[in-house]
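# Quick one: sequence plus predicted model below, questions after.
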Amino acid sequence: MEAYLDRQMLCGNLDMLALALVAREPMHGYRIRWEIIHLSHGYLTPAFGGIYRVLRLMKRRGYIEKTHQESGHGRRRVTYGVTPKGRAELALRIRKWESFAAGIESVLFTGTTNRRKPR
């Protein structure tokens, strides 16, 4: 049950995570997945299909754009970069996430001896 809930939480936020990464620098889908796994210390492990699904959706919405770059092996690699519309959407999503997280923390920790533990 815990793994199911973790996957559900990830699926609902995968687009925001991918958008945040390509806002830092253009990258290909495999690297986006690797960065999410690496930066979350293995806690978040999105499926490749999920990554490419959100990339297609964000491209349709105008948040990212595809470019082709040469890899070191003579092959062209598709990379994704953020658009101005995507930067605005990311800023909005971050504000919403911060409000949501603050609300959850208020319910969990207000009036209890439990305190939020540092990571």
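Right, received. Where do you want to start?
# Point out where this protein drops to low pLDDT.
Scanning the chain for pLDDT under 70 picks out the ranges 1-11, 112-119.
# Give me the spatial nearest neighbour of the most centrally placed residue in it, chain neighbours excluded.
What sits nearest the mean C-alpha location of the chain, by C-alpha atoms, centre = their mean, is Leu17, with 1.1 Å. The shortest distance from Leu17 to any residue other than its chain neighbours is 5.6 Å, reached at Ile36 (C-beta to C-beta, 6 or more residues apart in numbering). Where you see a C-beta, it was placed from the backbone N, CA and C, and this is true even at glycine.
# Wait, the one you found touches Leu44, no?
Yes. Using C-beta atoms under 8 Å, Ile36 makes contact with Leu44 at a distance of 5.3 Å.
# what do those two both touch?
Common contact partners of Ile36 and Leu44 (C-beta atoms under 8 Å, 6 or more residues apart in numbering): Leu17.
# Export only the CA atoms of the helix or strand where the residue nearest to Leu17 lies, formatted as CSV.
Using DSSP states H and E, Ile36 maps to helix 29-39. The C-alpha coordinates for helix 29-39 follow below in CSV (Å, rounded to 0.1, in the frame of the first residue of the first chain):
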residue,chain,number,x,y,z
GLY,A,29,14.2,12.2,-21.0
TYR,A,30,16.6,9.6,-19.7
ARG,A,31,18.6,12.3,-17.9
ILE,A,32,15.4,13.8,-16.4
ARG,A,33,14.5,10.4,-15.0
TRP,A,34,18.0,9.9,-13.7
GLU,A,35,18.1,13.4,-12.0
ILE,A,36,14.8,12.8,-10.3
ILE,A,37,16.1,9.5,-8.9
HIS,A,38,19.5,10.9,-8.0
LEU,A,39,18.2,14.1,-6.4
